[in-house]
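Visitor: Sharing a model that was predicted from the sequence below.
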Amino acid sequence: MHIIDRRLDPGGKSLANRQRFIRRARSLVRQAVREASGARKIREVDEGGAVSIPADGVHEPSFRPSREGGMREHVLPGNKEFVAGDRIPRPKQGGGAGSEGSPDGEGEDQFSFVLSRDEFLDLFLEDLELPNLAKRQIMGDAQEKRHPAGFRTSGPPASLSVPRTLRKSLSRRIALRRPSPAELAALRQEIEEAEAGGADAEKLAALRAQLERQERRSRSVPFIDPIDLRFRRIEVTPEPIARAAMFCLMDVSSSMDEHMKDLAKRFFSLLYLFLTRRYRRVEIVFIRHTHEAKEVDEETFFHSRESGGTVISSALEEMAKIAAARFPADQWNIYAAQASDGDNLSSDNARTVALLRNTILPVSQYYAYLQVGRGDPDHEDGVFPRQETALWRAYKEILRPDLPMAMRKVNSRRDIYPVFRELFERKAEKERSD
Amino acid sequence: MSVVRKPKAAGRKGLLFETRDWDFSTLSRIYETLEEMAETELGLSTYRNQIEVITSEQMLDAYASTGMPMFYKHWSFGKHFVRNETLYRKGWQGLAYEIVINSDPCIVYIMEENSATMQTLVLAHAAFGHNHFFKNNYAFRQWTDASSILDYLAFAKSYIAACEDRYGHEAVERVLDAAHALMSHGIHRYPGKHAPDLNSEQRRQQERADYAEKNFNVLWRTLPKTAGRKQRKPDEERRRALLGLPEENILYFLEKSAPRLAPWQREILRIVRQIAQYFYPQRQTKVMNEGCATFVHYTMMTRLHQQGRISDGAFMEFLHSHSSVIMQPDFDDRRYGGINPYSLGFAMMQDIERIATEPTPEDRQVFPDFAGCGDPFGVLKDAWANYRDESFVLQFLSPALIRKHRLFHLVDEEEEDELVVGSIHDERGYKAVRQALSRQFDVSRQDPDIQVVDVNLAGDRRLLLRHHVVDGVTLDKADATKVLQHLANLWGYDVRLVEADDGATYATHDASPSNLFQ
């Protein structure tokens, strides 16, 4: 009998099978991921988690008897009142009493399982790309730098540090008083000389005993012990090259209600998630504005209310100021997303457009304007379509294909992801024509 | 309950373990005690054991590859893995305490979370109960080669990995998908001809000569000779015989005869079919296998307790887990999910023990062979060696047990509006209940009887299969269509499956190859 401790064996034996399964069900899983992300809170989107796909897509067929028709017999335990010949009404579902749902849940319509965070995000953000990513890649895409960081006691044989190991070995041998070959040789020589010179037996015996002791010591204290081993430690640090700054601009005047803020927040979260997949380091700047703009932290940004008019240019000014001070455009990739209900002081529109065109867009990689609506279906496609807001019309004028800017309207939660996809979809044809 | 024997030298050696914690010396102490008991008191004969302690993660991995330490890669295993993982992580499904593999040496996986009591139970259950069954039962002896299975799996894994490298993942996956769909029909259900050897040939020849001599009658010589039968043997039959038709092992037939498969594809079919064959005895002996293991662990734990080797507390812990394993809810219970093989097997074996030692007059009448023989282990070992579920139930299900479990037989006719209670646990019903339960465990009735009956190799090469319908139960249509599509792809030409019995034809399915294998 052997007892083997397998607990320390490398795990993940099923990883290859798991990947095969996800690849197999890729289109189904992708669909499920998108649906799941619609249902869950956007903050939790990147946590992976359970998704369900139609069981049909990953069904393993076999020749098996159908559940209906024909003559069936069952032997069941626990008879209480029946005698032979009794007739029992047929249970409603399925044939006979033996057709309880299978315990493992196979045969259900849905097959649900848990995806890891990375698997989830890969599928979630598949086929999306950041516009103009290439422009600043000249500064270097994310790179890793490996540099030595001392020594450690375990590691691959390739990184064994021989000098370090021998130094350790030497100090241990000295500490444990392991005789060196020279010492042993000297002792032997002494014995030989004593034998030849006919020294007295007592001294000879003492010398021999000493030699034996020393030889035993040299056998029991190894030259190199596993505890001497030292391996070079290499640390990998990312080079701070691909950095992005994300500006979230939001109108918090009283005309923006909770629903609109929620929409905006979702959009910002998606953008953040997306940027973190592409850039090693992403800084977020929250700027909220009424008639004046202020940089705030996330909590304040989303949750505190402010009253006042709406002057959008104030936010753009603030952004330009911060970008100039902290995020020089030659070192940072700047992305901005603005959410607003479209209301603006009418006299401010011209100034806003000028700021955007002359100051913001030249330094930005991308600027997304999201106009959030009330989510009221009556308003959306009612008999009286709402007039375009002044801001929308103003922005529309500066929109040109070569400008890194896009604008969309969103009315309800379920539009967020499609709109996001639309904005960042990989544009294959465009690339080719470039 | 188990027969109480005089405790031998109770407390002589003291407790095996004091707390629920265990370490490797505890494990080997437990194992040695059990081993001694298995050999001297129960007389079990087992393969050598190899006990492997694993974590729950590794248990999930093992689940995905049907418990085997290694397996080739396929998405369906990944599917089972994510399914089990989800169920486990959400707390809807616990993990097994152990997995045991029919190999020599017998590999027993035990979980690190188990308490010392549970490890004792698990070792008794798997390392001795299942192990004895694997080594001695005729179905395993006939169909599986315990000493070579691990080597074969290693070969299968590396072969399929090599195919993936060479022909691409997708090509291999398609063959495996098709082969897996036909896996349940890739089994030889009857042992093939053994290679003739001189002794048996001579004996056979001698027997024939003796028979001819014994039955020699001069009168027969006076009969006029009919025209030679051989010449009249129709070509049709001869052609089929050459192909080995009819053939119920569809994968075997494809491996040998499919015209368009590449050698590596045939080898993959062979691998799948060999593995299906390896697992076939386990399906045939669920009740007996689990019953044997449960009976052995119950007997061993009880004796350990009587001998003072485990404490009262540990014994209570054992009883708690044992009774949940053998729980059998009634049919009208919400928890009912079919007959629990652990429960039925254990109850029948305890019943055999009772009949062998303290039979009632009824038992003497029903089981004259062994009632009151006083050697329960002799009877049990014979049963473990020579029966499978179906024959075991037919032979050993006693009226007393039918009464105890209040088994009844329900008949569900499609044309009838109501179900009919065929028989119950009374004098008139015992036989019918026993036979019906035996049929319920008959694997050859669970798997549809589908055979390759004909193929016209000279013409359109259409493969003809026949499902011999029993009791009017046809195949699940959606699944049958899909499997048939796989079959057509493997065969490379049209395939037709006819579902019929002697009286009527129920359905005909056709499939044409849609996407040929390269």
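Guide: Cool, the structure landed. This structure is a prediction, so every number in the text was calculated from the model and none was measured. Numbers count the residues shown, from 1 in each chain, chains lettered A, B, ... in the order given.

Visitor: switch to C-alpha atoms for all contacts and neighbour counts from now on
Guide: Noted.

Visitor: Can you list the buried residues in the one helix or strand B:Cys163 maps to?
Guide: Following DSSP states H and E, one finds B:Cys163 within helix B:149-167. Buried residues in helix B:149-167, counted by 16 or more other Cα atoms under 10 Å in any protein chain shown: B:Ile149, B:Leu150, B:Tyr152, B:Leu153, B:Ala156, B:Lys157, B:Tyr159, B:Ile160, B:Ala161, B:Cys163, B:Glu164.

Visitor: Please pull out the lowest mean pLDDT helix or strand from chain B.
Guide: Lowest by mean pLDDT, DSSP states H and E among the helices and strands of chain B is helix B:229-232, with a mean of 53.

Visitor: Point me to the residue sitting farthest from the middle of chain B.
Guide: B:Thr222 (54.1 Å; Cα atoms, centre = their mean).

Visitor: what does the stretch 351-500 of chain B put close to chain A?
Guide: Residues of the stretch 351-500 of chain B found near chain A (Cα under 8 Å from any Cα of the partner chain) are B:405-414, B:417-424, B:429, B:433, B:436-437, B:440, B:446-448, B:471-477, B:479-480, B:482-483.

Visitor: low pLDDT regions in the chain?
Guide: Using chain A here. A:34-49, A:92-109, A:126-144, A:238-242, A:280, A:375-387, A:426-434 (pLDDT under 70).

Visitor: that answer is for a different chain, and I need it for chain B
Guide: For chain B (pLDDT under 70), the answer is B:1-12, B:192-196, B:226-234, B:518.

Visitor: OK, contacts around B:Ala154?
Guide: B:Met70, B:Phe71 (Cα atoms under 8 Å, 6 or more residues apart in numbering or on different chains).

Visitor: Double-check A:Arg87 against B:Gly422; I have them as touching.
Guide: No - the criterion here is Cα atoms under 8 Å, and A:Arg87 misses it with B:Gly422 at 9.4 Å.

Visitor: And the next helix or strand past the helix holding B:Cys163?
Guide: Going down the chain from helix B:149-167, the next helix or strand is helix B:169-181, by DSSP H and E.

Visitor: Alpha carbons of the helix or strand following that next one, as CSV, please.
Guide: Per DSSP H and E, helix B:169-181 leads on to helix B:198-214 as the next helix or strand towards the C-terminus. Extracted in CSV, the C-alpha atoms of helix B:198-214 (Å, rounded to 0.1, in the frame of the first residue of the first chain):
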residue,chain,number,x,y,z
LEU,B,198,-4.8,-27.5,-29.3
ASN,B,199,-6.2,-29.0,-26.1
SER,B,200,-9.7,-27.6,-26.5
GLU,B,201,-9.8,-28.3,-30.2
GLN,B,202,-8.9,-31.9,-29.5
ARG,B,203,-11.4,-32.2,-26.7
ARG,B,204,-14.1,-30.6,-28.9
GLN,B,205,-13.3,-33.0,-31.7
GLN,B,206,-13.5,-35.9,-29.3
GLU,B,207,-16.8,-34.8,-28.0
ARG,B,208,-18.3,-34.6,-31.5
ALA,B,209,-17.0,-38.0,-32.4
ASP,B,210,-18.5,-39.4,-29.2
TYR,B,211,-21.8,-37.7,-29.9
ALA,B,212,-21.9,-39.1,-33.4
GLU,B,213,-21.1,-42.5,-32.2
LYS,B,214,-23.8,-42.4,-29.5
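
Visitor: how about A:Ala149, what does it touch?
Guide: By Cα under 8 Å, 6+ apart, the contact set of A:Ala149 is A:Arg232, A:Arg233, A:Ile234, A:Glu235.

Visitor: Buried among the residues of the stretch 351-500 of chain B next to chain A? Need that as a selection in ChimeraX.
Guide: Typed into ChimeraX, the line below selects the buried ones among these, using 16+ other Cα under 10 Å:
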select /B:405,406,407,408,409,410,411,412,413,414,418,419,420,421,422,423,424,429,433,436,437,440,448,472,473,474,475,476,479,480,482,483
